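S.K.: no FASTA, just this:
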Ligand code: AMP
């Protein structure tokens with residue numbers, strides 16, 4: 001039975017009861033509009049933890065003023081059915097005023113890894129993410145929380161937050177789930193026209209090209225970045241926001257592929273901004 005919980009007090013009571021009987025708690029925070037990428041996180045949590053809590057909350061504080069908060073897809077009935085199909089124990093579905101009541105005003109800011117990639121294009125985004133995840137962790141008190149590599153920088157930011165603030169929960173990263181043709185699953189794919197969706201295949205294709213280059217011994221970061229950029233720019237509907245390579249997980253600048261690296265890209269198709277990434281591993285010589 002999947003329980004729907006709307007209040008902080010009820011959510012706390014549910015996890016307190018579970019803890020009393022020695023059960024471990026797995027947590028999957030989402031903004032809803034659930035797809036297979038989210039379900040994989042839930043299944044992973046079910047494998048490892050006794051009780052699985054999913055949150056469905058379109059978090060206003062992680063959207064910039066001109067971003068898609070109002071338009072973000074909200075599909076509650078289907079989302080609840082999806083959580084039930086996976087056997088989730090509780091879905092936390094609070095109203096915005098339950099998490100951000102009148103007079104609320106405390107932020108969590110993670111320094112160092114938030115000023116590049118998506119943090120550069122969306123300057124207030126990670127502050128909103130870190131703040132809501134802290135609040136959700138305080139409410140759900142998970143042993144393990146599951147996040148997708150799809151948002152690799154988010155995982156890096158949250159791992160740093162957990163370490164810096166001595167939080168109790170462990171962050172588990174789960175690989176990217178893709179459609180059969182390679183497009184990474186995303187709630188925002190619903191915004192794409194048929195033509196844009198076809199054009200968006202250039203994302204995964206350019207990442208594959210980069211991985212092939214790395215696998216065949218290319219170590220020059222500039223050359224890999226240039227190949228990815230050229231490939232994306234050959235598609236007229238694609239408007240590059242960034243193509244970057246940083247060390248993984250440290251997010252340090254690098255010139256030579258001599259350690260694991262995150263190749264991350266963000267590209268606009270019309271007004272829809274999509275992200276994707278791959279972790280490049282240097283070929284051992
Ligand atoms: P969102 O609802 O977009 O905030 O995503 C909730 C969680 O699902 C985040 O940890 C995302 O990284 C993860 N996620 C979204 N899309 C995918 C995907 N295609 N593969 C794996 N995880 C994903």
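M.R.: Nice, I can see it. Not measured: the values here are computed from a predicted model. Numbers count the residues shown, from 1 in each chain.
S.K.: Just say helix, strand or coil for residue 176.
M.R.: coil (DSSP: H, G, I helix; E, B strand; the rest coil).
S.K.: and it, what are its phi and psi?
M.R.: phi -70, psi 130 (degrees, to the nearest 10).
S.K.: and it, how many neighbours?
M.R.: 19 (other C-beta atoms under 10 Å). The C-beta positions use only the backbone N, C-alpha and C, and glycine is treated the same way.
S.K.: What's the per-residue pLDDT of it here?
M.R.: The per-residue pLDDT reported for residue 176 equals 98.
S.K.: Double-check it against residue 36; I have them as touching.
M.R.: No - shown here, residue 176 and residue 36 do not form a contact pair, counting by C-beta atoms under 8 Å, at 10.9 Å.
S.K.: Quick one: residues in contact with stretch 230-242.
M.R.: 117, 120-121, 195-196, 199-200, 202-203, 205-206, 209, 229, 243, 264-270, 273 (C-beta atoms under 8 Å, 6 or more residues apart in numbering).
S.K.: If we use 7 Å, what do you get?
M.R.: Defining contact as C-beta atoms under 7 Å, 6 or more residues apart in numbering, one finds that stretch 230-242 is touched by 117, 121, 195-196, 199, 202, 205-206, 209, 229, 243, 265-269, 273.
S.K.: Relative to the whole chain's centre, how far out is that stretch?
M.R.: Relative to its chain's centre, stretch 230-242 lies at 22 Å (C-alpha atoms, centre = their mean, to the nearest Å).
S.K.: Let me see the mean pLDDT of that stretch.
M.R.: Per-residue scores along stretch 230-242 average to 98.
S.K.: next one: stretch 274-281
M.R.: 98.
S.K.: Now do stretch 55-67, average pLDDT.
M.R.: On average, stretch 55-67 scores 97.
S.K.: Next: stretch 82-92.
M.R.: What stretch 82-92 shows for mean pLDDT is 98.
S.K.: ok, and does that stretch reach over to the ligand?
M.R.: No - residues of stretch 82-92 are not located near the ligand by C-beta under 6 Å from any ligand atom, the shortest gap being 12.0 Å.
S.K.: Can you list which of the contacts of stretch 230-242 are found in helices?
M.R.: Using DSSP state H, the members of the contacts of stretch 230-242 that fall in helices are 121, 195-196, 199, 202, 205-206, 209, 229.
S.K.: Backbone torsions only: list them for the closest residue to the ligand within the chain.
M.R.: Nearest residue of the chain to the ligand, counting by C-beta to the nearest ligand atom: residue 148, 2.1 Å away. The phi and psi values for residue 148, taken as degrees, to the nearest 10, are phi -90, psi 150.
S.K.: buried stuff in whichever strand or helix holds residue 19?
M.R.: Assigned by DSSP states H and E, residue 19 belongs to helix 8-20. By 16 or more other C-beta atoms under 10 Å, the buried positions in helix 8-20 come out as 8, 11, 14-15, 18.
S.K.: swap in stretch 47-59?
M.R.: 49, 51-59.
S.K.: just to revisit the earlier point, pull out the buried residues from the ones in helices among the contacts of stretch 230-242.
M.R.: 196, 199, 202, 205-206, 209.
S.K.: quick revisit: from the ones in helices among the contacts of stretch 230-242, which shows the smallest pLDDT?
M.R.: residue 121 (95).
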